[in-house]
Structures are given as structure tokens and as C-alpha cells.
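1. no sequence on this one, just coordinates:
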């Protein structure tokens, strides 16, 4: 993310609220299109209206990246201010070559309550990739924006515990939840348009003391653990699990204090006989 100051022009014959609402509509179009990320706020200096926001890419403000909605709102701004807004990058750390999806071995989708940058990431270094440079439609960018907001909201609720802790955890950890299905559909769209394998990160908090490292893919039941040496300096993108068929990646659990919740997000074996039913009942008693 790259912090910038956006100068729109001087207040004319309308109220401050009118101009702030006008600009909010414009900035909203950029958020929905993946050009802006995080939050924004207004300041008035010598009757000049400014906004501070973060770009997903150093060139994300350029008109060529605008959606139809964005261009419409930009034209409205020009009509009232008489000029296009001036974008001033404030960040000292602007890379000459921002992260790109090309030549990445794979991509993965991940965000959390504490992250505001794009959730599209490279599989070899975890760097965030702006949606504007991805060959995806504005509809997919819109879906990505809503998925990210929902995921962060759910993560916040889960971290706060309370009565919704377990239902929300199912949304985050179950590959067949509504949230996961939305994210996986986005991954499929990204892979189809970019040609780069794109995986959905599946959260795993509660685990089993025995057999956690050898658990099966929760979607298809195949072995998906990756043999690697554990290290204190292990990076997030060095996943413990990766299913190429289901396009899922995950880590071993963080907590082993309550194995009752370890079944959430685990592979559900298809019961084919009475013996299978009895065996599963015995396993549930000892879990």
C-alpha cells in the first residue's frame, strides 16, 4: 500500500458536506475496483479539500484503470471543481517494479482482520499484487472487494470470541462454507484469466495432538501435506498443506487445547456401511 494525498480543489458555492459526499462516491468506485485499499479521511486546508488514502499500486490512480463507474464519478468531480484531482504520493518506499503475478509459481488468496492490502499474493514471496494489474473483469474486482470486507469482518468477530465464535470459525475454516465458496470462485476466475494456479487459503486454528501433520485435504480427502523442515524463520507462504486438485493451501493448527473443534474444516468421510458408522462413533468417543 502507498499513502497518497489527493487534492480536489477549493470549496465553491456548495456546502462542505456536498463536496465530501461527491468525493466519497468517487473514492468508493476506486475501492470497489481495487485501486484503493484500507481507509481514507478528509482534511480542509485553506478551503482546499484533501483526502488521504492508500493506493494498491503506485499507478492505481491513473484514469486508464478506472471502471465505468469510476470514470462517471470523475467526470462529475471535474464538472464541480473544474479540474481533475491531483494525486501526490507521500510514501518514500515506492518500488521501481511493484509485485507482479507473472512468473509466480502460484498465487493464493489471503487476508485477515489486520491486513488492508490486496489479498492476491505471490506463492514464492507472499507479496501482495494489486487487482488492477490482473487481467480480470471489473465484476471480479467488485466480488474480491466484497469478499475481503466480509472476511475481515468475520475475522474480527472470531477474534472477539463470544456466542458467534464457532459459527464464524466454520465460515473461515470450512472449505464448503459460503465465505470459502465465494473466495474459491474468485480464485478460479483469477486462474482462468491469468493462467497462474491460484489457491484459496483455508484457516486452521484448532487441531489434533495426534495426526495433525498427516490430515487429509478437507475437500477431497487426498494426502496434501508438504514435506519440509520446520524452522522458526518459516515464512507464511511456506504452507504445510497444498492440494493441487482442490486449489487449497493451509497450515498446521495453532492450538491443541480443544480437540472438539478440530473436526471443523476436516475431511468428512463418506459412510458406506454399518461398520463405518460404528467405527466413526468409536472415534468420536475418544476424540
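-> That came in fine, so what should we check first? None of the values given here were measured: they were computed from a predicted structure.
2. I'd like the distance between residue 39 and residue 26.
-> Between residue 39 and residue 26 the computed distance is 16 Å (C-beta to C-beta, to the nearest Å). C-beta coordinates here come from the backbone N, C-alpha and C atoms, glycine included.
3. Those two: which is more packed in?
-> The residue with more neighbours, out of residue 39 and residue 26, is residue 26; 21 against 10, by other C-beta atoms under 10 Å.
4. which residues touch the more buried one?
-> Contact analysis of residue 26 by C-beta atoms under 8 Å, 6 or more residues apart in numbering lists 70, 73-74, 76-77.
5. After the biggest helix by length in the chain, which helix or strand is next?
-> In the chain, assigned by DSSP state H, the helix with the most residues is helix 138-159. In the C-terminal direction, the helix or strand that comes right after helix 138-159 (DSSP states H and E) is helix 165-173.
6. Need the mean per-residue confidence for that following helix.
-> The predicted model gives helix 165-173 an average pLDDT of 96.
7. just stretch 92-105 next, same as before
-> For stretch 92-105, the per-residue pLDDT values average out at 89.
8. List the contacts of it.
-> Under the contact criterion C-beta under 8 Å, 6+ apart, stretch 92-105 has outside partners 2, 57-58, 107, 120, 122-125, 127-130, 133-134, 194, 196-197.
9. and it, which residues are buried?
-> Of the residues in stretch 92-105, 98-99, 101, 104 count as buried by neighbour count, 16 or more other C-beta atoms under 10 Å.
10. Which of the residues you listed fall in strands?
-> When these are checked against strands (DSSP state E), there are no matches.
11. Could you give the number of residues near residue 167?
-> The number of residues packed near residue 167 is 12, by other C-beta under 10 Å.
12. Quick check: chain neighbours aside, which residue is closest to the spatially most central residue of the chain?
-> Nearest to the geometric centre of the chain sits residue 119, at 3.2 Å (C-alpha atoms, centre = their mean). The spatially closest residue to residue 119, leaving aside those adjacent along the chain, is residue 111, at 4.0 Å (C-beta to C-beta, 6 or more residues apart in numbering).
13. In three-state terms, label that neighbour for me.
-> For residue 111, the secondary structure call by DSSP: H, G, I helix; E, B strand; the rest coil comes out as coil.
14. same check, this time on residue 53
-> strand.
15. for residue 4, same thing?
-> For residue 4, the assignment made with three-state DSSP gives strand.
16. likewise the one 4 residues further on?
-> Applying three-state DSSP to residue 8 yields a three-state assignment of strand.
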